[in-house]
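J.: here is the input, now give the coordinates:
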Amino acid sequence: MGNKTNIKYVGLDVHKSTISIAVLNEEGKLIMESVIATTRDAILSFIQGLSGTVQLTFEEGNYSAWLYPLLRPRVSKLIVCNPRKNALLKSGNKSDRIDARKLAELLRLGQLSSVYHGDHGLGTLKELARTYATLTQDTTRMMSRLSALYRSRAIPHPGRTLYTRKRRSQWLTLLPAHPKGLRLRAESLFEQLELTQQLRRQARAQLLAESRKQPASTLLPTIPSIGPIRTALLIARMQTPHRFRTKRQLWQYCGLGLETRTSSEYGIVEGQIQRRKKPVLVKGLNFDHNHEMKEIFKSTATAASAKPGPLRDYYLWLTNHMEPDMARLTLARKIAAIALAIWKKGERFNPSYLNRPTA
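T.: The predicted structure is shown next:
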C-alpha cells in the first residue's frame with residue numbers, strides 16, 4: 001500500500017469566550033474535539049500540538065481580522081469562509097460542536113467559499129476608510145433626527161439651512177417653549193451634529209492623505225465623477241485589482257452581477273442529445289456582495305449621468321436602447337470594468353474605453 005499523507009482538517013466555531021474545534025482525518029473520521037478559550041496562547045498551543053499537514057477554516061466574523069494573521073503562517077492552508085454560503089450549517093441540529101464538525105467536513109470536501117484576506121500594506125487606509133464611513137453614517141443619522149424633530153412640529157426647513165451653525169439660535173426659537181424638553185433635545189442634537197461633522201472632516205483629511213501614498217490614487221480620479229474620496233474608498237475596499245481575474249468577478253463582488261436560472265437544457269432530437277434553444281431566465285442582481293463597493297459605483301454612475309462628459313454621452317446612448325434605470329446600471333458596470341482595467345494596466349482613463357457596439 002502507498003503511503004498516505006497525514007492531513008488534518010480543522011474546523012473552528014469561534015465565539016467571544018470560547019472556540020469549539022473539530023479535527024477530521026483524510027477519510028472524514030472525527031479524530032479530535034476540543035473547546036478552548038478565545039486567547040492567543042490557547043489557540044497556538046492547540047495548533048502546535050497537531051502533527052502532519054494542517055488545513056484550517058473558520059467563518060468570517062468579528063475575530064477574522066485577528067485570527068487570520070495569527071494562524072496563516074502556522075497552517076498549510078487557511079480558508080476564512082463565507083457564512084452566507086454554508087447551507088449545510090443551517091440544516092439539521094445546531095450546536096457549537098456540530099458547527100465545528102460541519103466546517104471541517106466542508107473543508108475536506110472543498111465546498112467552502114472563501115472571503116478575501118490579504119496584506120498589501122493598506123491596514124491604515126482600511127481603518128481610516130471605516131472611520132470615515134462610520135462618521136458619515138452618524139452625520140446622516142443626526143441630520144435625519146433633527147429633520148424629523150422639526151417636521152413633527154410642522155416647521156418647514158428647506159435645503160440644508162437647518163444643519164448650518166449660523167442660524168442655530170433662530171431654529172431653536174421656532175420650536176414651542178412647551179414642553180421645555182423639546183428645545184433641550186434639539187440643542188443636544190445640534191451639539192452632536194456639530195461634533196460629528198468636525199470628526200468627519202478630520203477623518204476625511206486623514207483618509208485623503210493616506211490614500212495619496214498609493215499609485216492608484218493618480219489613476220482612478222481620471223475617470224469622470226470618481227473623485228479623491230471615492231478613489232480612497234475604492235483602494236481601501238479592493239486593496240489590489242489582481243484579486244479579480246475578470247470584470248465579471250468584480251461585478252459579482254460589487255453586487256452588479258446578474259443571477260440567471262435555467263433547467264432542462266438538453267433534449268433528444270432524432271436520437272441525438274442536443275441543447276435546447278431556450279432563453280435563460282434572469283432573476284436580478286446577485287444578493288451576496290460588498291454593499292460599500294456597490295454604493296461607490298452606483299453613486300458614480302448617477303453623478304456621471306448628470307454631468308457633461310463622455311460618461312454622460314455613453315449614458316444617453318444607452319437610454320436609446322433601454323430604460324433609464326437599466327442604463328444607469330449598465331453605466332455602473334462599465335465604470336467598474338474601466339476602473340479595474342486602468343488600475344491593472346497602470347493607465348489613465350481614455351474615452352475609447354466606452355466602445356459602443358455597432359448595429
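J.: so where is this structure shaky, pLDDT-wise?
T.: Within the chain, the stretches with pLDDT under 70 are 1-5, 356-359.
J.: got the domain boundaries for it?
T.: 7-109, 123-213, 216-353 (automatic domain parsing).
J.: would you map the helices across the stretch 1-150 of the chain?
T.: For the stretch 1-150 of the chain, applying DSSP state H, counting those that start in this stretch gives helices covering 40-48, 64-71, 87-90, 96-109, 123-151.
J.: most tightly surrounded among those?
T.: Comparing the helices of the stretch 1-150 of the chain by mean neighbour count (mean count of other CB atoms under 10 Å), helix 96-109 ranks first with a mean of 20. Just so you know, the C-beta spots here come from the backbone N, C-alpha and C atoms, and that holds for glycine as well.
J.: by contact count, what packs against that helix?
T.: Here helix 96-109 touches strand 7-14, strand 18-24, strand 30-37, strand 53-59, strand 77-81, helix 87-90, going by 3 or more CB pairs under 8 Å, 6 or more residues apart in numbering; DSSP states H and E.
J.: tilt between that helix and strand 18-24?
T.: 40 degrees (axes from the mean of the first three to the mean of the last three CA atoms, to 10 degrees).
J.: ok and helix 96-109 relative to strand 77-81, angle-wise?
T.: 120 degrees.
J.: out of everything not next to it in sequence, what's closest to residue 111?
T.: residue 88 (7.7 Å; CB to CB, 6 or more residues apart in numbering).
J.: residues contacting that neighbour?
T.: Neighbouring residues of residue 88 by CB atoms under 8 Å, 6 or more residues apart in numbering: 102, 105, 106, 111.
J.: phi and psi next, for the last one.
T.: Backbone torsions of residue 111, given as degrees, to the nearest 10, read phi -110, psi 20.
J.: quick one: residues contacting the residue sitting nearest the centre point of the chain.
T.: By CA atoms, centre = their mean, the chain has its centre lying nearest to residue 290, at 2.5 Å. By CB under 8 Å, 6+ apart, the residues touching residue 290 are 237, 253, 254, 255.
J.: which phi and psi does it have?
T.: phi -90, psi 110.
J.: same check on the one 4 residues further on?
T.: When read as degrees, to the nearest 10, the backbone of residue 294 gives phi -60, psi -40.
J.: contacts only, for the closest residue to it other than its chain neighbours.
T.: Leaving out its chain neighbours, the residue that sits closest to residue 294 by CB to CB, 6+ apart is residue 255, at 4.0 Å. Applying CB under 8 Å, 6+ apart, we find residue 255 in contact with 285, 286, 287, 289, 290, 291, 293, 294.
J.: swap in residue 344?
T.: With the criterion set at CB under 8 Å, 6+ apart, residue 344 makes contact with 241, 242.
J.: surely it is in a helix?
T.: Yes - per DSSP: H, G, I helix; E, B strand; the rest coil, residue 344 lies within a helix segment.
J.: from residue 269, how far off is it?
T.: Here residue 344 is placed at a distance of 44 Å from residue 269 (CB to CB, to the nearest Å).
J.: same question, residue 37
T.: Distance of residue 37 to residue 269, computed by CB to CB: 64 Å.
J.: please apply the same query to residue 14.
T.: Applying CB to CB, the value for residue 14 to residue 269 is 54 Å.
J.: one more: residue 317?
T.: For residue 317 relative to residue 269 (CB to CB), the value is 41 Å.
J.: so what's residue 189 closest to, chain neighbours aside?
T.: Residue 189's closest residue in space is residue 146 (CB to CB, 6+ apart), at 5.1 Å.
J.: distance-wise, check that neighbour relative to residue 198.
T.: 16 Å.
J.: make a markdown table out of the helices and strands packed on helix 96-109 and add distance to residue 155.
T.: Converted to a markdown table, these look like this (distance: least, CB to CB, whole Å):
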| stretch | distance to residue 155 |
| --- | --- |
| strand 7-14 | 50 |
| strand 18-24 | 53 |
| strand 30-37 | 55 |
| strand 53-59 | 48 |
| strand 77-81 | 50 |
| helix 87-90 | 49 |
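J.: let me know which of those is the nearest to residue 128.
T.: Comparing the helices and strands packed on helix 96-109 against residue 128 with CB to CB, the closest turns out to be strand 77-81 (22.6 Å).
J.: what distance separates that closest one from the centre of its chain?
T.: For strand 77-81, the separation from the chain centroid amounts to 18 Å (computed by CA atoms, centre = their mean, to the nearest Å).
J.: how far off strand 7-14 does that strand point, in degrees?
T.: Going by the same axes, to 10 degrees, strand 77-81 makes 30 degrees with strand 7-14.
J.: ok, and what's touching strand 77-81?
T.: Applying CB under 8 Å, 6+ apart, the set of residues contacting strand 77-81 is 55-60, 64, 67-68, 71-72, 103, 106-107, 112-115, 117.
J.: end to end on stretch 90-103, go ahead and measure it.
T.: Distance between the two ends of stretch 90-103: 12 Å, counting by CA to CA, to the nearest Å.
J.: so what touches that stretch?
T.: Residues contacting stretch 90-103 (CB under 8 Å, 6+ apart): 11-13, 15, 18, 20-22, 24, 30, 33, 35, 57-59, 81, 86, 88-89, 112.
J.: just the buried ones out of these, please.
T.: 11-13, 20-22, 24, 57-59, 81, 86, 89, 112 (16 or more other CB atoms under 10 Å).
J.: how about the contacts made by residue 267?
T.: 273, 274, 276.
J.: now, the residues you listed that are in strands?
T.: 273, 274 (DSSP state E).
J.: report the buried residues of stretch 155-165.
T.: 162, 163.
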